[in-house]
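**Student:** coords below, sequence missing:
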């Protein structure tokens, strides 16, 4: 099929990461990308390659992942969205679909990404209706301390201390434009962070360390000291994946709109 | 083990019914009762029989199911709750546990039961974070009509028309003390109903019929006409199980407290 007979369609994808081994296609395991490609191969009656804005780890959720596919021109974005939502399992949902420029790339075109991380403070956050989508810490975490730590994250830093070692070819500097803790209703607290890029496991290491500080188990200021690579200091274990959501990806104006899932707080789950 | 060495402990059980073939123990399938008995057999190091307040169908959830077990006296209610929550899968959670009178029976002692049913009106209720626990109708349903229909349900009636045929030995009369529709945040609407007893599939048949009326697909007043057993009239198909929650069971004062899950609206999911 020649290139003229395709149009690029971009999607905002929401998923419950629980049953998946992450976004990225894998031979042996269920992945969100694999789920989308399976459905698109069916509706296109031919191969479909889905581009994503970036990987999410096993068990991590998304309310604002962005992806794109080159679809045969017989498909409009709206029709394709309807067909996909009818065929996808209930854990994956296309919240938005739009035709974009043929050069739009969800990964290389991204200006920033946002994540949110939910922590259950009340014991009731352990109920089956919340635990699926939070880290049920089950005790009070000092919010003042958390906010102090988050403040030190904003700006440009090397995040090498907060990443799985040895996997970043593009260096370890990230520019964080937003990092804050807010209440998640009565049940807990929520961290939201926006940056131009993220290292592998970075949000989970940040949250794991800040929560230990908020619980009084390590000294205030350790987040900043880790960013300054103070000798002999290491992070706390990463927070578990269930609490983490990719909430949005931003692109230059006029390419693909951020949509509902765009940036900052976790709006899709209106608790 | 002699009877003196046991104490009866009652529980409030919450569950995500999605992965289960209902409450009731079954040889071939996963059930919530089976899950609880499996864990209790382990911690008691001996057989455990769990009594429930009543069955819930395959896929139906609970925020306030009540159950009881006779535990060896070495277990306090609080310890048993902790041990169970540590061992149960994340879809089942013990919200409360208390020692009760040895004659307390979750089923025969119940005075009333309450259910809630959630319908998604906005399309965003189809997202993975809501669809698990609602019926995503995805269009506006006339709330005034729904409220009118619900009003006709209150009181004592034969609910034979709203039940799976031929399974009720104790007759088909139920006394409904509450039946109302309310907003579920921005996303949809929620039906809550309390009665002394319920017939098999009764809430799902009621909701299925009322929603058809609210969508303008059958005449207003049909709920009342079905309760009066008007000739030739049948219900609409039952609403799907994902939207249904057993929210509470009430007992005479001083036996087992209703707790968080008690009656009426769906408080456990604070949307």
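**Tutor:** That came through, no problem. Remember, predicted model here, so these are calculated numbers, not experimental data. Numbers count the residues shown, from 1 in each chain, chains lettered A, B, ... in the order given.

**Student:** Can you tell me how far residue A:216 is from residue A:236?
**Tutor:** 13 Å (C-beta to C-beta, to the nearest Å). (Glycine included, C-beta is placed from N, CA and C.)

**Student:** and chain A, which of its residues are near chain B?
**Tutor:** Residues of chain A found near chain B (C-beta under 8 Å from any C-beta of the partner chain) are A:14-16, A:61, A:63, A:85, A:90-93, A:95, A:124, A:126-133, A:185-187, A:260, A:268-271.

**Student:** Could I have the buried ones of those residues as ChimeraX selection syntax?
**Tutor:** Per 16 or more other C-beta atoms under 10 Å in any protein chain shown, the buried members of the residues of chain A next to chain B correspond to this ChimeraX selection:
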select /A:14,15,16,61,63,85,91,92,93,95,124,126,127,128,129,130,131,132,133,187,260,268,269,271
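
**Student:** in the sheet, who's paired with the closest residue to residue A:196 other than its chain neighbours?
**Tutor:** Excluding the flanking residues, the one nearest residue A:196 by C-beta to C-beta, 6 or more residues apart in numbering or on different chains is residue A:175, at 4.6 Å. Residue A:175 has the following beta-bridge partners by DSSP bridges: residue A:156.

**Student:** my guess is residue A:175 contacts residue A:198, does it?
**Tutor:** No - using C-beta atoms under 8 Å, residue A:175 is not in contact with residue A:198, being 10.9 Å away.

**Student:** Next secondary structure after the helix or strand that contains residue A:40?
**Tutor:** Assigned by DSSP states H and E, residue A:40 belongs to helix A:32-44. Of the helices and strands lying after helix A:32-44 in sequence (DSSP H and E), the nearest is strand A:51-52.

**Student:** list the helices and strands that following strand packs on?
**Tutor:** Where contact means 3 or more C-beta pairs under 8 Å, 6 or more residues apart in numbering or on different chains; DSSP states H and E, strand A:51-52 is packed against strand A:61-72.

**Student:** in terms of contact, does residue A:73 touch residue A:5 like I think?
**Tutor:** Yes - assessed by C-beta under 8 Å, residue A:73 is found in contact with residue A:5 at 5.4 Å.

**Student:** what's the helix holding residue A:40 packed up against?
**Tutor:** strand A:6-15, strand A:61-72, helix A:77-87, strand A:92-99.

**Student:** between it and strand A:92-99, how many degrees?
**Tutor:** With axes from the mean of the first three to the mean of the last three C-alpha atoms, to 10 degrees defining the directions, helix A:32-44 sits at 60 degrees from strand A:92-99.

**Student:** what's helix A:32-44 in contact with?
**Tutor:** With C-beta atoms under 8 Å, 6 or more residues apart in numbering or on different chains as the test, helix A:32-44 has contacts from A:13, A:15, A:17, A:20, A:22-26, A:47-50, A:52, A:56, A:62, A:65, A:67, A:69, A:71-72, A:75, A:80, A:83-84, A:87-89, A:92.

**Student:** can you pull the contacts of residue A:173?
**Tutor:** A:156-159.

**Student:** again, only this time at 6 Å
**Tutor:** residue A:158 (C-beta atoms under 6 Å, 6 or more residues apart in numbering or on different chains).

**Student:** how close does it get to residue A:108?
**Tutor:** Residue A:173 is 18 Å from residue A:108, by C-beta to C-beta.

**Student:** same deal with residue A:123?
**Tutor:** For residue A:123, the distance to residue A:108 - C-beta to C-beta - is 44 Å.

**Student:** Between the two, tell me which one has more neighbours.
**Tutor:** residue A:123 (15 against 9; other C-beta atoms under 10 Å in any protein chain shown).

**Student:** Just to check, that one is in contact with residue A:138?
**Tutor:** Yes - counting by C-beta atoms under 6 Å, residue A:123 does reach residue A:138; the two are 5.2 Å apart.

**Student:** relative to helix A:77-87, how tilted is the helix holding residue A:40?
**Tutor:** Using the same axes, to 10 degrees: helix A:32-44 against helix A:77-87 is 110 degrees.

**Student:** Which of the residues in helix A:32-44 are classified as buried?
**Tutor:** Under 16+ other C-beta under 10 Å, the buried positions of helix A:32-44 are A:32-37, A:39-40, A:43-44.

**Student:** Next secondary structure element downstream of the helix or strand of chain A with the lowest mean pLDDT?
**Tutor:** When the helices and strands of chain A are compared on mean pLDDT, DSSP states H and E, helix A:128-131 comes out lowest with a mean of 91. Using DSSP H and E, the helix or strand that follows helix A:128-131 in sequence is strand A:135-136.

**Student:** after that following strand, next one along is what?
**Tutor:** Counting by DSSP H and E, what follows strand A:135-136 is helix A:143-153.

**Student:** what packs against that next one?
**Tutor:** Secondary-structure packing of helix A:143-153 (3 or more C-beta pairs under 6 Å, 6 or more residues apart in numbering or on different chains; DSSP states H and E): strand A:173-184, helix A:202-214, helix A:222-227.

**Student:** Roughly how far does residue A:156 sit from residue A:172?
**Tutor:** Applying C-beta to C-beta to residue A:156 and residue A:172 gives a distance of 11 Å.

**Student:** So those two - more neighbours on which side?
**Tutor:** residue A:172 (16 against 12).

**Student:** Identify the residues contacting that one.
**Tutor:** So residue A:172 contacts A:158-160 (C-beta under 6 Å, 6+ apart).

**Student:** now it, nearest residue through space, not along the chain?
**Tutor:** residue A:160 (4.1 Å).

**Student:** Do you know the pLDDT at that neighbour?
**Tutor:** Looking at residue A:160, its pLDDT stands at 93.

**Student:** ok, the residue nearest to residue A:196 to chain B distance?
**Tutor:** With distances taken as C-beta to the nearest C-beta, to the nearest Å, residue A:175 is found 29 Å from chain B.

**Student:** cool, residue A:226 as well?
**Tutor:** Counting by C-beta to the nearest C-beta - residue A:226 and chain B are separated by 31 Å.

**Student:** How about the secondary structure of the closest residue to that residue other than its chain neighbours?
**Tutor:** In this structure, residue A:226 finds its nearest non-sequential neighbour in residue A:161, 4.2 Å apart by C-beta to C-beta, 6+ apart. Per DSSP: H, G, I helix; E, B strand; the rest coil, the secondary structure class of residue A:161 is helix.
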